[in-house]
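*Asks:* kindly generate the corresponding structure for this input.
(4 chains)
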4 protein chains.
Amino acid sequence: MIIVMKPGAASQSIDAVVSFVKNSGLQTHLSQGEEVTIIGIVGDKSKLPTDNLVSFKDVDRVVAVTESYKLANKKFHPEATTVKAGNTIIGSDTMTIMAGPCAVESEEQLMLIAQAVKKAGATFLRGGAYKPRTSPYSFQGLETEGLRYMQQAAKETGLATICEVVSQEAIESAVKYVDMIQIGARNMQNFILLKEAGRSGLPVLLKRGLCATIDEWLNAAEYIIAEGNPNVVLCERGIRTFETATRNTLDLSAVPVLKEKTHLPIIVDPSHSTGAYKYVSPMAKAAVAAGTDGLMIEVHDNPSCALSDGPQSLTFEKFHKLMDELAPFCELAGRRLG
Amino acid sequence: MIIVMKPGAASQSIDAVVSFVKNSGLQTHLSQGEEVTIIGIVGDKSKLPTDNLVSFKDVDRVVAVTESYKLANKKFHPEATTVKAGNTIIGSDTMTIMAGPCAVESEEQLMLIAQAVKKAGATFLRGGAYKPRTSPYSFQGLETEGLRYMQQAAKETGLATICEVVSQEAIESAVKYVDMIQIGARNMQNFILLKEAGRSGLPVLLKRGLCATIDEWLNAAEYIIAEGNPNVVLCERGIRTFETATRNTLDLSAVPVLKEKTHLPIIVDPSHSTGAYKYVSPMAKAAVAAGTDGLMIEVHDNPSCALSDGPQSLTFEKFHKLMDELAPFCELAGRRLG
Amino acid sequence: MIIVMKPGAASQSIDAVVSFVKNSGLQTHLSQGEEVTIIGIVGDKSKLPTDNLVSFKDVDRVVAVTESYKLANKKFHPEATTVKAGNTIIGSDTMTIMAGPCAVESEEQLMLIAQAVKKAGATFLRGGAYKPRTSPYSFQGLETEGLRYMQQAAKETGLATICEVVSQEAIESAVKYVDMIQIGARNMQNFILLKEAGRSGLPVLLKRGLCATIDEWLNAAEYIIAEGNPNVVLCERGIRTFETATRNTLDLSAVPVLKEKTHLPIIVDPSHSTGAYKYVSPMAKAAVAAGTDGLMIEVHDNPSCALSDGPQSLTFEKFHKLMDELAPFCELAGRRLG
Amino acid sequence: MIIVMKPGAASQSIDAVVSFVKNSGLQTHLSQGEEVTIIGIVGDKSKLPTDNLVSFKDVDRVVAVTESYKLANKKFHPEATTVKAGNTIIGSDTMTIMAGPCAVESEEQLMLIAQAVKKAGATFLRGGAYKPRTSPYSFQGLETEGLRYMQQAAKETGLATICEVVSQEAIESAVKYVDMIQIGARNMQNFILLKEAGRSGLPVLLKRGLCATIDEWLNAAEYIIAEGNPNVVLCERGIRTFETATRNTLDLSAVPVLKEKTHLPIIVDPSHSTGAYKYVSPMAKAAVAAGTDGLMIEVHDNPSCALSDGPQSLTFEKFHKLMDELAPFCELAGRRLG
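*Replies:* Predicted structure coming up:
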């Protein structure tokens, strides 16, 4: 923490800041420049409501030097985390492929899709039973019934399963039926839900909020880990920008940035980010080349009739083709499917 | 709903779209241009998974013509809504001033602030008992205890009270102690919470999400109203942009845009949007001039020591001065404080 | 300038940075915290390619402490600047109203509009003779002919005149015919044009770029002033965000931010920012309340037939009504029209 | 072009729009829905100031159906363009690597770098002789002297050369000394410069503006092609978003989007977009996997001492390593270096 004083700050103003910091049990370090004075703060900043220092007289800016997340921070946990879910491992030299429909629509549909994605090489079945939708008049999911179909599909195919949760109630159901839960983009800063996910014991896929900075995202992960649940996987799914040619802007640079800042595995979702099936394949390959630990891809038996997000879903044939084309990219990236 | 076909679309492609729409019980209207064919859809679009039409062959784009929100839509409810909370009315020719601390810190502090803002002319006491914070290590609020202090402050001052809620549990407590609940920016698309707020019976202040479009915001309001609760007030509190000189960018144009699109009242929060006390006064005046129905302003007895958001809080003295300066602007805008 | 080292930075790494800085003729100031070491730099930073310090081993971040603009900076020039153009003064207690068509279309049209805006109380005639248009197939302006009409209109009405320039050639013509030149948003970082505007001797209105930070904007102003031309006025005209309900998002908070950071006057353009005539009036009033020194408003005799930006132009009747309504807001803000 | 009327639009309002369109020599096509009436416009829209239709009574929205760019549009020119510069070809099955310093600093430096990048496999030498810098006090380039060094380097190594131009004067010099010119992000909508680049006869690399939509970018390309110069290559270099972990957000989805919308080749710049050398390698590989036709990469003999953009420059060793690692990705993408 560094406090930058305004040019010509009165010595009383500097003294006031220094006293306040020292009274909070911390040390200061003065650096008198030609134009400005800088006060460094040394010690445990959690004792100090540091933001407020901005309201002191003649203070120009307060600059944070260290990140507020600790458990998710690679600086303090340099070894890469691997997360186990069902029979699969996420992280290390594995390339995890999560595939399935945006929304679980019926038992038959789910079985059909589960078998198709399994055959093509996926190890994870994704499928939404609780759907957060912009309009209250859109299809909102089959809820517990959908989770049961997921469990059934897991039994028949051996795939690990992942479902989005939107409430404590949904988490309680998910614990019974699936291997991993997902916190969606709109709930990334629903801190109550994050804490409940932390206490659930299940591994958690945490999607990035539509306008969340990487720093806020890692702080959200910190909420989960701080509840004693270290099994967090991050999922980049596009951020909101001014560009409208794609639904969101997939921020692939987030992959190497995260690899530098955190030990948590990262998954990329090229389906939701682009919003168009035709862009899924190039962006999936790009994500692998950028160093992702896995992909989350929407697959549907009949995209034109999907109850949610049809335009971005791949048909079985297109998914199969993508998996074939991905294989050598995975190999180049030093990853094996699984 | 309009479907724009690609240039040179095959007649079979056009037929396929038309058949699909007709099979869903709707009518189509063909418009053959020189370059492209356009298919208009007539009838109740809720029967049709319209997004998916994008995945049909030779379809270029699907353009929505009508808004998905109905209950919040001025087109269908042209008269302005007024919302009653405590002894106050929001909307019509009233200028509602909600003031108080970001977080309730103690009973003494809250009483002190309540009396000060009452004296300066506010009719609403705001105070956070549940604080959504980016980092799990920041102060998270006094919860039910804080709500009780709010009730106590209401009794002593006659101010109406408003508190943010972050969970079903918080709503259940709030119903007992305060006059109005607030859904914060981070929870604007927490649809479970919106529904519960709708069922609570209390009037709801719905803050705009950090990167929510006005259209998404009105759809979120629709979730609340669709549960039978028409008492929704919108609160503009800044959107996230690339600019860093202010914490967020206050989108004041949203005021006249909302006045055109919806019948719901709108409140502007110049404190959270700018993040700096020195910008609160000019932006409060600007909001009044732009046509807002009210303001939400942070006031603290000692901003330098506030446990949350100190830098943007006004002292009693500054708040008093602001209220004095605001009065003639309110009069010009045809509003009376209350 | 502060250099933040990584936790556990080797002492050789720290020494390497310190040596590099000292070899450039500057002083350093070490602050050893529990987690990290911070190196403050004291002296004239222009001698040092400071950005590059990031590429030194174990450097985490370089934090700038002082702004790179000096001549535009209020810290070094605390008195507010006033700019003279034609018979008018911009700044101080004046509220400057610039009004006129987006594009000059004909002599008759311009005279008609000039008389109308003069009658309503404007002191400045705006009119585009060089139009930067997204598509090469849109109307690009009358060029020198348009400038001559502007001069003619000035003679007949006594209004001061302002025209956008897009090239050195345009500046050379403008010098002969108009009182003030405008650098448009798309050219805000066309540094060649900025320098030429600086050398022209005419006062310059510098519009903010669509995605320019306030800091970049003030650096652009610095380019003009550094050529010996202190007569720069800033114009906020909306920034690009994800919101599509308005053409751009008018960043009114920029007004108080600029009042704090710079001594230059500021004008607000509610026409281009909103892109819709119906939002011009509330945003014009809001801008006055926020502290602007003036407004730039599009007025057209027949908006439905305007060759450029018709949808946002006011008719004579609407502009007259706006000026009547604005008057008491200007008075409240301590400004007199002129 | 489609005009959507408001619900309950008066028939006179509809008639007024229809008459206006017909008087402009175009045809209309009415579609009367249950809620709204839609007017399709058939014919050559360039005859019609279509934006203004928004100001007609009862008009809700005007929706463009066809793109305004024609020459850059793949719909009308389905075959991919290849661009020849020096001895190289950009496009088709070639992977073009442009490498070199951000700014040309001296003859010796440039020769050293040219030989190093040539040896590592680049076919293009990039180097800035005219540097657009945010602050007027930063190094602005060697100008013509720098161009001469570029020519010299080309002679010695056989590399093709590319330089940014910022003015007509710079273009006139560039024509004499280099093989290709670059329009930088800040000048993407400097339409005067685009036209001059179009008339120069040299192939043009057009960088995307910091907040330019893909549609605006292709319209900027249209300005160049419309002057009779079809040799335009697009360069994605990151867009401005709220994220600050990288300097800009590299929009890799733009690659497949452009491959669908235009026939022009596309180059990706992972150096400027990320602003950090450590992210260049993963993003370069990702760009190749996404389908780019080439890469532009900053290489410097001593990044810590570079006069411009040192932090993002690769050393010779790092660039060599990147080229080795890229080779198999290029092969997978069906491209050969050259």
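
*Asks:* domains for chain A, by residue range?
*Replies:* Under the assignment automatic domain parsing, the domains of chain A span A:2-63, A:83-337.

*Asks:* contacts only, for the residue of the stretch 101-250 of chain A found nearest chain B.
*Replies:* Going by Cβ to the nearest Cβ, chain B is nearest to residue A:211 of the stretch 101-250 of chain A, at 3.4 Å. In this view, the C-beta of every residue, glycine as well, is placed from N, C-alpha and C. Contacts for residue A:211 (Cβ atoms under 8 Å, 6 or more residues apart in numbering or on different chains) come out as A:239-240, B:210-211, B:240, D:242.

*Asks:* of all these, which comes closest to chain C?
*Replies:* When the contacts of residue A:211 are ranked by distance to chain C (Cβ to the nearest Cβ), residue A:240 comes first, at 4.9 Å.

*Asks:* state the phi and psi torsions of the closest one.
*Replies:* phi -90, psi 130 (degrees, to the nearest 10).

*Asks:* how close does it get to residue A:195?
*Replies:* Counting by Cβ to Cβ, to the nearest Å, the separation of residue A:240 from residue A:195 is 26 Å.

*Asks:* likewise residue A:118?
*Replies:* Residue A:118 is 34 Å from residue A:195, where distance means Cβ to Cβ.

*Asks:* count of residues packed around the residue nearest to residue A:204 when sequence neighbours are not counted?
*Replies:* In space, and not counting its chain neighbours, residue A:204 is closest to residue A:197: 4.8 Å by Cβ to Cβ, 6 or more residues apart in numbering or on different chains. Using other Cβ atoms under 10 Å in any protein chain shown, residue A:197 is surrounded by 28 other residues.

*Asks:* in which helix or strand does residue A:197 reside?
*Replies:* Secondary structure assignment for residue A:197, by DSSP states H and E: helix A:191-200.

*Asks:* could you check the angle that helix makes with helix B:191-200?
*Replies:* Angle between the axes of helix A:191-200 and helix B:191-200 is 120 degrees (criterion: axes from the mean of the first three to the mean of the last three Cα atoms, to 10 degrees).

*Asks:* let me see the mean pLDDT of helix A:191-200.
*Replies:* Mean pLDDT, computed over helix A:191-200, is 96.

*Asks:* stretch A:252-265 too?
*Replies:* Mean predicted confidence for stretch A:252-265 is 98.

*Asks:* buried set for it?
*Replies:* For stretch A:252-265, burial by neighbour count (16 or more other Cβ atoms under 10 Å in any protein chain shown) applies to A:252-259, A:261-265.

*Asks:* could you pick out the longest helix of chain A?
*Replies:* The longest helix of chain A (DSSP state H) is helix A:316-332.

*Asks:* got a list of contacts for the helix or strand just after that one?
*Replies:* On the C-terminal side of helix A:316-332, the nearest following helix or strand under DSSP H and E is strand A:336-337. With Cβ under 8 Å, 6+ apart as the test, strand A:336-337 has contacts from A:93-95, A:97, A:121, A:123, A:323, A:327, A:330.

*Asks:* let's see it at 7 Å
*Replies:* Contacts of strand A:336-337 with the rest of the structure, by Cβ atoms under 7 Å, 6 or more residues apart in numbering or on different chains, involve A:93-95, A:97, A:121, A:330.

*Asks:* can you give the strand pairings for that strand, parallel or anti for each?
*Replies:* Sheet pairing here is set by DSSP bridges, and for strand A:336-337 it gives strand A:94-100 (parallel).

*Asks:* neighbouring contacts of the partner strand?
*Replies:* Outside strand A:94-100, the residues within contact range by Cβ under 7 Å, 6+ apart are A:88, A:90, A:113, A:117, A:121-127, A:162, A:267, A:288, A:293-297, A:299, A:319, A:330, A:335-338.

*Asks:* circling back: most neighbours among the contacts of residue A:211, which one?
*Replies:* residue A:239 (25 neighbours).

*Asks:* quick one: residues contacting that residue.
*Replies:* Residues near residue A:239 by Cβ under 7 Å, 6+ apart: A:210-211, A:248-249, A:251, D:241, D:243.

*Asks:* next one: phi and psi at it?
*Replies:* According to degrees, to the nearest 10, residue A:239 has phi -120, psi 160.

*Asks:* so it bridges to which residues?
*Replies:* Beta-bridge pairing for residue A:239 (DSSP bridges): residue A:249.

*Asks:* ok, now residue A:160?
*Replies:* Counting by DSSP bridges, residue A:160 forms beta bridges with residue A:124.

*Asks:* my read is that it contacts residue A:123, right?
*Replies:* Yes - using Cβ atoms under 7 Å, residue A:160 is in contact with residue A:123, at 6.2 Å.

*Asks:* which neighbours do those two share?
*Replies:* Both residue A:160 and residue A:123 are contacted by residue A:88, under the criterion Cβ under 7 Å, 6+ apart.

*Asks:* distance between the ends of stretch A:169-188?
*Replies:* 17 Å (Cα to Cα, to the nearest Å).

*Asks:* quick check: residue A:32 vs residue B:24, distance?
*Replies:* For residue A:32 relative to residue B:24 (Cβ to Cβ), the value is 74 Å.
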